[in-house]
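Novice: From the sequence below, what's the structure:
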Amino acid sequence: MIKKHLSLFGLVLSLAVIFAIPALANTLSSGSATADCMGFMLTFMAADLSPGTTYTITYTFTLTCNGSAQPVTGQTMFTASGTTATVTASGTWPSSPLTTNCTVSLGSATLTSSGSTVTITINGSASASLNCQGFDERMTGGGSIFENPIISGTSNTSNTSNTSNPKIEVDINGTVDPTRVTHGYEIECGAPPPKQQNLEVNWPGHHFHLETLTLGTCVCDPTLLPPANPDAGFNKFTGAGTGKLDGVEGASIVFVFTDQGEPGTNDTESMTIFDPGGNVVLNFNTAPLTFGNQQAHREGGPKVPPCTGNGGT
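Specialist: Numbers count the residues shown, from 1 in each chain. Model (predicted):
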C-alpha cells in the first residue's frame, strides 16, 4: 500500500514538474544589415520555431541625411521549415539612390509572435556612414581640329584640301577660314554642375575662357562607340556656359564632346561661341579630333549601368 502511494506521488510530482516548465518561446537570435546608397539587405536568425507556422519580423532604421532623421520601417514574413531559420529581406531607401552623405543607425527587429527583439548591426557596427555625395562624374581632355591643314612634307601653306577632316568647316565671324581650333577642359556633369569648371578654347587671334558652366548633360548615346571606361556610364557631354571672349565678359558657348574609346581618334566635338552681343564668332559641326583625347570618368557613389554604345551598328 505504501509502495502504491509512493508511485502515485511520483507520477503527480513528475506531471507538476512538466507543467511548471514553460513552453519555449520563438526567438530572434541576431539581425544584421549591409547598406549602401541604393538600399539594404537584411539577415535574421530565428530559433525555437514550430515547423509549418508562418511568422512575421518587423524592422526599423533611422536614416539621417543633412541633419534630417527619417524612420525607415518594414516587415518580412516566412514559414518555418524547422525549428530554426535564416531569413533574408531587402529594401530601398525612400529616395533611392541617395545623393548626399547619410548615416544609418538605431536598427532593430522584432519577431511579432513572441515580441523577441534584437538590435540590427549595420555594415558590422551599430551605425554606418554612407558616402553617397562623393561621386565624381566628369569629362576631361582636349585636342585640336584642323581645316585646310598644311600637308606634311610640302611648302603649300594655302592648301585647300582637308585631309584630316574633309567635311568640316570652321566658321569664324561668318567666314570659312583654314584654321586650327584647340581646346582643353575638365568639366563636370550637372544642371548646373556642382563646382567651378575649366574650359579654354583658342583659335587664331582669339581666346574663350569659361567662367560658369550652366549645363552639363551626360548621357550614354547608343549611336556612338562606348567610352574608354564603360563604367563611367556616359559617352556624350552636352554643355553650355558663359565666359570671357578675348578678356571681355558676356560671351557664351554651347558644345558637345564625346568619348568613343582609346586612343581618341573616334572622339568628336562640336562648338558654337557667341560674343557679348550674341553674334556667332566661332562655329563648327561635329568633327573628329585631329589630335587629342577626351575621357569620361565616374568615381564613387552608387554604381551605374555601363555605357555599351555600339556606334549604331
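
Novice: Which strands and helices lie in contact with the lengthiest strand in the chain?
Specialist: What stands out as the longest strand in the chain, according to DSSP state E, is strand 206-219. Judged by 3 or more CB pairs under 8 Å, 6 or more residues apart in numbering; DSSP states H and E, strand 206-219 is in contact with strand 180-188, strand 198-203, strand 236-245, strand 248-258, strand 280-288. In this view, the C-beta of every residue, glycine as well, is placed from N, C-alpha and C.

Novice: quick one, that strand and strand 236-245 angle?
Specialist: 150 degrees (axes from the mean of the first three to the mean of the last three CA atoms, to 10 degrees).

Novice: So which bits of strand 206-219 are buried?
Specialist: Neighbour-count burial for strand 206-219, counted by 16 or more other CB atoms under 10 Å, picks out H206, F208, L210, L213, T214, G216, C218.

Novice: Provide the contact partners of it at residue level.
Specialist: Strand 206-219 is contacted by residues 137, 139, 172, 185, 187-193, 197-202, 233-247, 249, 251, 253, 273, 281-282, 296 when judged by CB atoms under 8 Å, 6 or more residues apart in numbering.

Novice: give me that answer again for 6 Å
Specialist: Contact with strand 206-219 is made by 187-193, 197, 199-201, 234, 236-246, 273, as judged by CB atoms under 6 Å, 6 or more residues apart in numbering.

Novice: re the thing from before, so can I have TSV of the helices and strands packed on strand 206-219 showing mean neighbour count and distance to G31?
Specialist: Shown next, in TSV, are those (neighbours: other CB atoms under 10 Å; distance: least, CB to CB, whole Å):
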stretch	mean neighbour count	distance to G31
strand 180-188	20	40
strand 198-203	18	48
strand 236-245	20	44
strand 248-258	18	48
strand 280-288	18	56
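
Novice: just so I know, which of those strands lies nearest S108?
Specialist: Closest approach to S108 among the helices and strands packed on strand 206-219 (CB to CB): strand 180-188, 39.8 Å.

Novice: chain center to the closest one, what's the gap?
Specialist: Distance, stretch centre to chain centre, for strand 180-188: 25 Å (CA atoms, centre = their mean, to the nearest Å).

Novice: Kindly report the same for stretch 269-277.
Specialist: 31 Å.

Novice: which parts of it are buried?
Specialist: Residues E269, S270, M271, T272, I273, F274, D275 are the ones in stretch 269-277 that count as buried (16+ other CB under 10 Å).

Novice: The fourth one contacts V254, correct?
Specialist: Right, T272. Yes. Between T272 and V254 there is a contact at 5.2 Å, judged by CB atoms under 6 Å.

Novice: Show me how the record splits this protein into domains.
Specialist: Per automatic domain parsing, the structural domains of the chain span 23-130, 136-299.

Novice: Going by mean pLDDT, which of the ones you listed comes out lowest?
Specialist: Lowest mean pLDDT within these: domain 136-299, a mean of 81.

Novice: which residues does the closest residue to V254 other than its chain neighbours contact?
Specialist: Among residues not flanking V254 along the chain, A240 sits closest, at 4.7 Å (CB to CB, 6 or more residues apart in numbering). Residues near A240 by CB under 6 Å, 6+ apart: T214, L215, V254.

Novice: can you check T84 too?
Specialist: Counting by CB under 6 Å, 6+ apart, T84 makes contact with A47.

Novice: Swap in 7 Å and give it another go.
Specialist: Neighbouring residues of T84 by CB atoms under 7 Å, 6 or more residues apart in numbering: A46, A47, L49.

Novice: most surrounded residue in those?
Specialist: Ranked by neighbour count (other CB atoms under 10 Å), the contacts of T84 have A46 at the top, with 26 neighbours.

Novice: List the beta-bridge partners for it.
Specialist: Beta-bridge partners for A46, by DSSP bridges, are L28, A85.

Novice: residues touching it, list them.
Specialist: Applying CB under 7 Å, 6+ apart, the residues near A46 are N26, T27, L28, S29, Y55, T84, A85, V87, L111.

Novice: rerun that using 8 Å as the cut-off
Specialist: N26, T27, L28, S29, Y55, I57, A80, T84, A85, T86, V87, L111.

Novice: mind putting those in TSV, distance to C37 included?
Specialist: Shown next, in TSV, are the contacts of A46 (distance: CB to CB, whole Å):
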residue	distance to C37
N26	34
T27	33
L28	27
S29	29
Y55	31
I57	25
A80	34
T84	33
A85	30
T86	26
V87	24
L111	29
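
Novice: If you rank those residues by neighbours, which is first?
Specialist: Within the contacts of A46, neighbour counts (other CB under 10 Å) peak at L111, which reaches 25 neighbours.

Novice: wait, isn't it in contact with A25?
Specialist: No. Assessed by CB atoms under 8 Å, L111 is found out of contact with A25, at 9.1 Å.

Novice: What's the local residue count around P230?
Specialist: So P230, with other CB under 10 Å, has 17 neighbours.
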